[in-house]
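> this one's sequence-less:
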């Protein structure tokens, strides 16, 4: 199965990507992993990317796209993959279509959207606290430390990162709505979008995802539905 995972920051894409890829027996391919692999191996693309990052600049789309293209041509991705973090925009999605067509004439089987409202995203991310010494991340609601403000692991001081402050999170959500959310309409129009409620415990979300994908694993038919088809989100997330 060839799958793309989309959703706003805080939707749990990284966690769900790992579980879903294991269930489908396909490689989880994230842009972060691709960048780290290329930079650490000092590939030509990695050196290009590092030069931009060292200057504090964004890595251009063409470098990212070339990295993704090469990764999808590796043998372990020949029978399927799960992409997390790419594509982020409609133009990138169109390039991905071209890459798959050029590689083996294949197409995406499904785009799985993790649906979660903005209030829940802010609650999830703003509740995180990071240890200054060991970098372990706690959560005020979901995984609180025994003593407020102190890490259980090494008694280090817990602090809130700038990225986890409510104002920063809201800005990230606005960026998502402008750039990545249009992917939902793009893929819905192509009949490959499946949306699931991504609130609640991690195991419950994973079960919903697998249940949504199960009819597609052995069927050529690819039903399409999006957030509008989902039941109302439960009160309190």
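On my side now, so go ahead. Treat the numbers as computed from the prediction; the structure is a model and nothing was measured. Numbers count the residues shown, from 1 in each chain.

> what about residue 138, which helix or strand?
Residue 138 is part of strand 137-139 when elements are defined by DSSP states H and E.

> in its sheet, what does whichever helix or strand comes after that strand sit against?
Where DSSP H and E defines the elements, the next helix or strand beyond strand 137-139 is strand 158-159. Using DSSP bridges, strand 158-159 pairs in its sheet with strand 128-131 (antiparallel).

> For the strand it pairs with, give me every contacting residue.
Residues outside strand 128-131 that contact it (C-beta atoms under 8 Å, 6 or more residues apart in numbering): 136-140, 145, 149, 151, 153-154, 156-161, 164. Where C-beta positions appear, they are placed from N, C-alpha and C, glycine not excepted.

> Let's test this: mean pLDDT of it, rounded?
The pLDDT scores in strand 128-131 average 95.

> The chain should start at 5 in everything you say after this.
All set: I'll call the first residue 5, so the last point we hit is now strand 132-135.

> show me where pLDDT drops low in this structure?
Residue ranges of the chain with pLDDT under 70: 222-241.

> where along it do the strands fall?
Using DSSP state E, the strands found in the chain span residues 6-10, 32-34, 85-88, 114-119, 132-135, 141-143, 162-163, 197-201.

> Mean neighbour count and distance to residue 66 for those - can I get that in CSV?
Below are these laid out as CSV (neighbours: other C-beta atoms under 10 Å; distance: least, C-beta to C-beta, whole Å):
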stretch, mean neighbour count, distance to residue 66
strand 6-10, 24, 20
strand 32-34, 20, 18
strand 85-88, 24, 18
strand 114-119, 24, 23
strand 132-135, 20, 34
strand 141-143, 17, 34
strand 162-163, 16, 38
strand 197-201, 22, 27
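
> Can you check which of those gets nearest to residue 67?
Proximity to residue 67 (C-beta to C-beta) singles out strand 32-34 among the strands of the chain, at 16.0 Å.

> Return the distance of that closest one from the chain's centre.
9 Å (C-alpha atoms, centre = their mean, to the nearest Å).

> Helices of the protein, residue ranges please.
Along the chain, counting by DSSP state H, helices occupy 17-28, 35-44, 48-58, 65-76, 94-108, 122-130, 170-183, 186-193, 206-221.

> Would you mind getting the angle between the fourth one and helix 48-58?
With axes from the mean of the first three to the mean of the last three C-alpha atoms, to 10 degrees as the basis, helix 65-76 and helix 48-58 are set at 140 degrees to each other.

> So for helix 65-76, what gets flagged as buried?
67, 68, 69, 70, 71, 72, 73, 75, 76 (16 or more other C-beta atoms under 10 Å).

> Mind listing residues that contact that helix?
Helix 65-76 has contacts (C-beta under 8 Å, 6+ apart) with 33, 35, 38-39, 42, 49, 52-53, 56, 81, 85, 87, 90, 95-96, 99-100, 103-104, 107.

> Now with 6 Å, please.
Identification of contacts with helix 65-76 by C-beta atoms under 6 Å, 6 or more residues apart in numbering yields 33, 38, 42, 49, 52, 53, 90, 99, 103.

> In JSON lines, list the strands of the chain along with distance to residue 125.
Formatted as JSON lines, those follow (distance: least, C-beta to C-beta, whole Å):
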{"stretch": "strand 6-10", "distance to residue 125": "14"}
{"stretch": "strand 32-34", "distance to residue 125": "19"}
{"stretch": "strand 85-88", "distance to residue 125": "17"}
{"stretch": "strand 114-119", "distance to residue 125": "11"}
{"stretch": "strand 132-135", "distance to residue 125": "12"}
{"stretch": "strand 141-143", "distance to residue 125": "13"}
{"stretch": "strand 162-163", "distance to residue 125": "21"}
{"stretch": "strand 197-201", "distance to residue 125": "14"}
